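K.L.:
for reference, the sequence and a predicted model appear below.
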Amino acid sequence: MKLLQVENLKTTFHIDAGQVQAVRGISFHVEKGESIGIVGESGSGKSVSMLSLLKLLPDNATLTADNILFDGAQMVNTSQKAMRKMLGRDIGMIFQDPMTSLNPLFTVGEQIIEPLRIHQKLSKEAARQRAIEILRMVEIPSPEKRLKQYPHEFSGGMRQRVMIAIALSCSPKLLIADEPTTALDVTIQAQILDLMRDLKDKLNVSIVMITHDLGVIANMCNRIIVMYGGTIVEQGTTREIFYKPRHPYTWGLLRSIPQFTEGEKKKLISIPGSPPDLLRPPAGCAFTSRCPYAMKVCEKQPPQSVALSETHQAACWLMHPKAANHMREVIG
Amino acid sequence: MAGYIVKRFFASILTMFVLITITFFLMHAVPGGPFSPAEERKVPKSVMEKMEEKFGLNEPLSVQYVNYLKSIAQGDLGFSFKQSDVTVNELISRGFPVSAKVGLVAIVVALIVGMLLGITSAIKRGKWADWASMIFATVGISIPNFVITVLMLFLFAVVLKLLPTYGLSSWKHYILPVIGLAFGPIAYIARLMRSSMLEVMRQDYILTARAKGVPEYRVIFKHALKNAIIPIVTYLGPLVAALLTGSFIVERVFSIPGIGRDFVTGISDRDYSVILGLTVFLGLFIIVANFIVDVLYAIIDRRVKIEE
């Protein structure tokens, strides 16, 4: 069963200098109960695509799509106001920096209770009880006491647990996590990821995890979407992306994961060049200028997505049937 | 908390001492005195000497200064030099309630109108509502309040004959003085509120609130406002002190018997005890208002520790 299905989503920011095409026609879906990872570097459109789905972008952003189906309901033209009613109830969201994501002037309790009161119309006392329950679920010790405290009395990891508690308080069907561990140190990262994995199974919630760290999603997500320059360049199961990557950008991403092998010292590998200017997006494939295998056609025409298996697709001219056979052998 | 209050108390006494000293000597440095003869009316020299003796003006300045400090330590601000049957304490207890009443209305009006203008213009950033309120605010800050007061007096009282020109006997009498008093603060608060609100609306926790499904009006008036209001609270201290203790110009223009008017009369009469007494009262008021603002700060934002 598909929980979320998006077809040809485009998001454009209208600024004085022109139009920034932040997301340029992406299609993907999320199954019920699965977790998918969206990877890509800063500015690849991974956060923007999610925020625009949820109508959380500023007024100068416009969205078009052929289809946005959430739980069977069409959401392309859903107003911001109607969307608000679904947010927090059907869709929960957590953000990158727990230090700034909580309102400093309200107690943690008030912030957890708020969506419960709005969406589930719980009484004050019932909402408080539920809040204690959720804090216990995200493994925050002495929740009764913690409810009355302000965010500055919590550590970064604890605050991210609070954010998770808020996002999951109304038992949503979908949890969108926008780089939830980027701002945390490594040991805390692991704890938060463990917690999210646990809760996913316990609550049967689908997760969309946005990150630039392939390591984070490797043992968290069933499927991975790789984004570059506002487009999806490759998507497939985690196994396919890690063991049979087909897009040169995915190769670059995988190569640039730091390797800690004993003995030999390896240089950290990076992808040379910089991402495309989305104010003037390239006519062809966005990765052309940084791609070591770029051909003439890559500059001129955007590649179509090629299905490599039922679950695996890559948008690259190298996958085209007419691409030189020896090239395909190199890749294959 | 107790230690903090004690510390603030002693700091306040020191501030008051410096204020009194500077005012005292500056005032005496100005040529002439309360009994300097007016051009047209010559007072016999013997009468002058008698009067100066009665008020202690014949003593050396240092002795007068010490005497004043002694009496003020007992809360006695002395007799008015010009209205010799009235003490300065009486003058304040008569004039302050009048000033405070007009001032309080002006503060409430300034806060409500200023904040609403600022919030509107932050939310409708770049739209016509933003332009309109910012043009209003810029005009309000640039034009001195006596110009606005006199213009309004002319328009509404003289030309249109809609509102009374002086006194405070009905609610209609309040309209012009309150607008006169609130105009500048409205403009200032609107600008402050706009920039503060724009800053706050960019914060991550606003996105969190929206992502929780909080309706937009609640995002603005609950989550954003509580954060954005902090600079306004800071401005509130001096504003309350200035408006409650009366405005020199507005009270003068509308003949309102408040202490602002007494101050102006006191200065032109060189009524030493009135000038000093009112300065001390105003100073004390500002100190107390600022103290309340600091406490309010800590109540709004728990990260602020009052002990520090």
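P.N.:
Ah, there it is. Numbers count the residues shown, from 1 in each chain, chains lettered A, B, ... in the order given.
K.L.:
remind me, longest helix of chain B?
P.N.:
helix B:88-123 (DSSP state H).
K.L.:
packing partners of that helix?
P.N.:
Packing partners of helix B:88-123 (3 or more CB pairs under 8 Å, 6 or more residues apart in numbering or on different chains; DSSP states H and E): helix B:128-142, helix B:171-201, helix B:230-244, helix B:248-253, helix B:259-269, helix B:272-300. Every residue, glycine included, has its C-beta placed from N, CA and C.
K.L.:
what are the phi and psi values at the most centrally placed residue in chain A?
P.N.:
The geometric centre of chain A, computed from its C-alpha atoms, lies nearest to A:Ile210 (CA atoms, centre = their mean), at 2.3 Å. Geometry field for A:Ile210 lists phi and psi as phi -100, psi 130, criterion degrees, to the nearest 10.
K.L.:
list the contacts of it.
P.N.:
If you count contacts by CB atoms under 8 Å, 6 or more residues apart in numbering or on different chains, A:Ile210 has them with A:37-38, A:46-47, A:50, A:176-179.
K.L.:
got it, and A:Leu254?
P.N.:
Contacts of A:Leu254 (CB under 8 Å, 6+ apart): A:214, A:242, A:245.
K.L.:
okay, and which of those map to strands?
P.N.:
Of those, none are assigned to strands by DSSP state E.
K.L.:
what's the nearest residue to the one residue in the stretch 51-200 of chain A that gets nearest to chain B if we skip its chain neighbours?
P.N.:
Nearest residue of the stretch 51-200 of chain A to chain B, counting by CB to the nearest CB: A:Gly88, 3.2 Å away. In this structure, A:Gly88 finds its nearest non-sequential neighbour in B:Gly213, 3.2 Å apart by CB to CB, 6 or more residues apart in numbering or on different chains.
K.L.:
ok but that neighbour is inside a strand, no?
P.N.:
No: using DSSP: H, G, I helix; E, B strand; the rest coil, the assignment for B:Gly213 is coil, not a strand.
K.L.:
look up phi and psi at A:Leu102.
P.N.:
Torsion angles at A:Leu102 (phi, psi; degrees, to the nearest 10) stand at phi -100, psi 140.
K.L.:
likewise A:Ala73?
P.N.:
Main-chain torsions, A:Ala73, degrees, to the nearest 10: phi -100, psi 140.
K.L.:
can you give me the strands in the stretch 201-332 of chain A?
P.N.:
A:206-211, A:223-228, A:231-237, A:305-307, A:313-315 (DSSP state E, counting those that start in this stretch).
K.L.:
tell me how chain A divides into domains.
P.N.:
With automatic domain parsing as the criterion, the domains of chain A are listed as A:2-90+A:172-259+A:269-331, A:102-171.
K.L.:
for the closest residue to A:Ile241 other than its chain neighbours, which residues are in contact?
P.N.:
Excluding the flanking residues, the one nearest A:Ile241 by CB to CB, 6+ apart is A:Ile224, at 4.4 Å. Contacts here follow CB under 8 Å, 6+ apart; on that basis A:Ile224 touches A:36-39, A:214, A:217, A:235-238, A:241.
K.L.:
and with 7 Å instead?
P.N.:
Counting by CB atoms under 7 Å, 6 or more residues apart in numbering or on different chains, A:Ile224 makes contact with A:36-37, A:39, A:217, A:235-236, A:238, A:241.
K.L.:
what residues are bridge-paired with it?
P.N.:
A:Gly37, A:Gly236 (DSSP bridges).
K.L.:
so where's the stretch 51-200 of chain B uncertain?
P.N.:
B:54-55, B:84 (pLDDT under 70).
K.L.:
give me the number of residues near B:Gly167?
P.N.:
Burial of B:Gly167 is recorded as 12 neighbouring residues (other CB atoms under 10 Å in any protein chain shown).
K.L.:
and the gap between it and B:Val98?
P.N.:
Separation of B:Gly167 from B:Val98 (CB to CB, to the nearest Å): 11 Å.
K.L.:
cool, and A:Asp201?
P.N.:
Taking CB to CB, one finds A:Asp201 at 72 Å from B:Val98.
K.L.:
more neighbours: those two, which one.
P.N.:
Neighbour comparison, A:Asp201 and B:Val98: the larger count goes to B:Val98, with 18 against 9 (by other CB under 10 Å).
K.L.:
contacts only, for the more buried one.
P.N.:
B:168, B:256-258.
K.L.:
cutoff 8 Å now
P.N.:
B:168, B:246, B:256-259.
K.L.:
which residues does B:Val47 contact?
P.N.:
Contacts of B:Val47 by CB under 8 Å, 6+ apart: none found.
K.L.:
and what of B:Asp262?
P.N.:
So B:Asp262 contacts B:91, B:95, B:274, B:278 (CB under 8 Å, 6+ apart).
K.L.:
what's the burial count for B:Asp271?
P.N.:
Applying other CB under 10 Å, I find that B:Asp271 has 24 neighbouring residues.
K.L.:
let me fix that, I meant to ask about A:Cys291.
P.N.:
A:Cys291: 21 neighbours (other CB under 10 Å).
K.L.:
same thing with the one 4 residues further on?
P.N.:
In terms of burial, A:Met295 registers 17 neighbours under the definition other CB under 10 Å.
K.L.:
got it, and B:Val240?
P.N.:
Other residues close to B:Val240 by other CB under 10 Å number 21.
K.L.:
what do you get for A:Ile232?
P.N.:
Around A:Ile232 there are 27 residues (other CB under 10 Å).
K.L.:
contact partners for it?
P.N.:
Contacts of A:Ile232 by CB under 8 Å, 6+ apart are A:26-28, A:225-226, A:305, A:315.
K.L.:
which strand residues bridge it?
P.N.:
Beta-bridge partners, per DSSP bridges, of A:Ile232: A:Met227.
K.L.:
report the separation between it and chain B.
P.N.:
Computed with CB to the nearest CB, to the nearest Å, the distance linking A:Ile232 and chain B is 23 Å.
K.L.:
for B:Pro231, what are its contacts?
P.N.:
By CB under 8 Å, 6+ apart, the residues touching B:Pro231 are B:192, B:196.
K.L.:
perfect, that will be all.
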